[in-house]
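K.L.:
Build me a structure from this.
(one chain, ligands or ions: 1)
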Amino acid sequence: MNSTKVSYFLLTLSMILISQSPMLALGDSLFEIICKDDLKETIVCLQLLKTDPQISSATNYFDLSIFIMDFALKKGIEGQNFFINLGKKNPSQAINQCATIYYNSIITAFKGGKRELKEHADIARYETTVAGDGSKNCSSAIEAEKISNPAIDDINDKMSILSDAAFIAVVHYENEKRNNGIGL
Ligand SMILES: *[C@@H]1O[C@H](CO)[C@@H](O)[C@H](O)[C@H]1NC(C)=O
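P.N.:
The predicted structure follows:
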């Protein structure tokens with residue numbers, strides 16, 4: 001082979017190697033992969049998760065799952081405070097239920113998810129669905145009382161997306177663990 005052919009060969013070879021390597025081929029961070037799995041809400045998911053530097057720099061799905069649940073927990077506590085303050089100005093059964101039952105359940109679920117992830121990823125995954133139900137139930141209660149408040153919808157929508165993102169991250173972690181066969 002002359003040198004042109006050799007360099008063409010090397011170029012082709014390196015392109016093949018790159019296309020075979022998932023890390024190099026997908027320019028996506030792990031959180032972007034998660035958000036793209038969340039088909040309905042990809043854009044909001046990306047906007048939300050990229051604001052957290054830990055999430056955007058996560059390099060494995062265990063860390064990513066923990067960081068998303070940390071972030072969701074923080075947002076859940078903020079959400080609960082929002083409902084508590086709103087309830088002081090606008091007494092309402094639905095707002096009170098969101099501030100207590102539903103957001104308590106979200107907060108407890110994400111704490112449980114973080115605690116269980118390492119030993120019982122299936123329980124952690126279940127906890128993310130419980131958190132998702134908390135924001136859905138809050139939305140339904142608000143709707144049933146015909147309360148119209150974009151700030152409430154925004155908080156519940158974000159909680160719902162974070163619950164979905166945490167669920168997907170845990171599923172990826174479970175697959176990663178299964179494929180490694182070592183439960184790392
Ligand atoms: C939300 O509603 C579902 C269905 O009605 C119920 O099974 C679940 O326990 C509720 N979750 C909370 C936190 O209230």
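
K.L.:
Get me the contact residues on this structure for the ligand.
P.N.:
101-102, 105, 133-134, 137 (Cβ under 6 Å from any ligand atom). Heads up, the C-betas are built off the backbone N, CA and C, glycines and all.

K.L.:
If we use 5 Å, what do you get?
P.N.:
Near the ligand, the residues belonging to the chain are 105, 133-134, 137 when assessed by Cβ under 5 Å from any ligand atom.

K.L.:
which residues does the closest residue to residue 82 other than its chain neighbours contact?
P.N.:
Spatial nearest neighbour of residue 82, chain neighbours left out: residue 155 (6.1 Å); criterion: Cβ to Cβ, 6 or more residues apart in numbering. Contacts of residue 155 were listed using Cβ atoms under 8 Å, 6 or more residues apart in numbering, and they are 75, 79, 82.

K.L.:
related to what we said a few turns ago, got the residues of the chain next to the ligand as a markdown table, with secondary structure columns?
P.N.:
Below are those laid out as a markdown table (DSSP: H, G, I helix; E, B strand; the rest coil):
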| residue | secondary structure |
| --- | --- |
| 105 | helix |
| 133 | helix |
| 134 | helix |
| 137 | helix |
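
K.L.:
Kindly provide the distance from the residue nearest to residue 82 to residue 60.
P.N.:
Counting by Cβ to Cβ, to the nearest Å, the separation of residue 155 from residue 60 is 30 Å.

K.L.:
can you tell me the average pLDDT over stretch 100-112?
P.N.:
For stretch 100-112, mean pLDDT is 98.

K.L.:
what about the helices in this protein?
P.N.:
Secondary structure of the chain by DSSP state H: the helices cover 3-20, 22-25, 30-37, 42-49, 53-56, 61-89, 93-97, 103-116, 121-144, 150-180.

K.L.:
Quickly, which of the ones you listed bottoms out on average pLDDT?
P.N.:
Sorting the helices of the chain by mean pLDDT places helix 22-25 lowest, at a mean of 44.

K.L.:
of all the residues of the chain next to the ligand, which comes closest to residue 55?
P.N.:
Distance ranking of these against residue 55, using Cβ to Cβ, places residue 134 first at 20.9 Å.

K.L.:
At the geometric centre of the chain, which residue sits there?
P.N.:
Nearest to the mean C-alpha position of the chain, counting by Cα atoms, centre = their mean, stands residue 165 at 2.5 Å.

K.L.:
For residue 84, see how far away that residue is.
P.N.:
For residue 165, the distance to residue 84 - Cβ to Cβ - is 25 Å.

K.L.:
and what of residue 123?
P.N.:
Distance of residue 123 to residue 84, given as Cβ to Cβ: 29 Å.

K.L.:
Next: residue 72.
P.N.:
Plainly put, residue 72 is 19 Å away from residue 84 if you go by Cβ to Cβ.
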